[in-house]
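# Sharing a sequence plus its predicted fold:
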Amino acid sequence: MTNANTMPNGQPGLIGGIISCVCAAFGFFVPVLGLLLAIIGLFVGMGAYKAGKRANYQPGLILGLIGAVISGVSLIIAALAVFALLGVVGGVGMLGAMR
């Protein structure tokens, strides 16, 4: 039987890093909702990185960093997709107004 006082305090940053990676992955595939998910993933990934660094827990630190970087890339791509979508919709609207 193990003593609860000698057990480590979980795995800091690991769950946050996984959530960040999942949010980033959805950010690539869902343009409008992906923008919001990428922002959430970026903040969660940075928090996971800080928690892993503070506890000196290598997997949490690495997964938090990977999640933050992928979320940042996903944020840029999702923002470009939203701007392109707005440009196409706005351009089609302008064509209708020209008649």
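Now that the structure is in, tell me what you want to look at. Only a predicted model underlies this, so the values are computations on that prediction, with no experimental measurement involved. Numbers count the residues shown, from 1 in each chain.
# okay, which residue is most central for the protein?
residue 41 (2.2 Å; CA atoms, centre = their mean).
# distance of it from residue 56?
Using CB to CB, to the nearest Å, we find residue 41 at a distance of 24 Å from residue 56. Bear in mind the C-beta positions are built from the backbone N, C-alpha and C, glycine included.
# Let me see the contact set for residue 67.
For residue 67, the contact set (CB atoms under 8 Å, 6 or more residues apart in numbering) comprises 16-21, 23-24, 41, 44-45, 48.
# How about residue 30?
Contact analysis of residue 30 by CB under 8 Å, 6+ apart lists residue 37.
# so residue 19 makes contact with residue 41?
Yes - Residue 19 is within contact range of residue 41, at 7.3 Å (criterion: CB atoms under 8 Å).
# Could you tell me which residues within the helix or strand of the chain with the lowest mean pLDDT count as buried?
Across the helices and strands of the chain, mean confidence by mean pLDDT, DSSP states H and E is lowest for helix 58-97: a mean of 81. Neighbour-count burial for helix 58-97, counted by 16 or more other CB atoms under 10 Å, picks out 60-72, 74-75, 77-79, 81.
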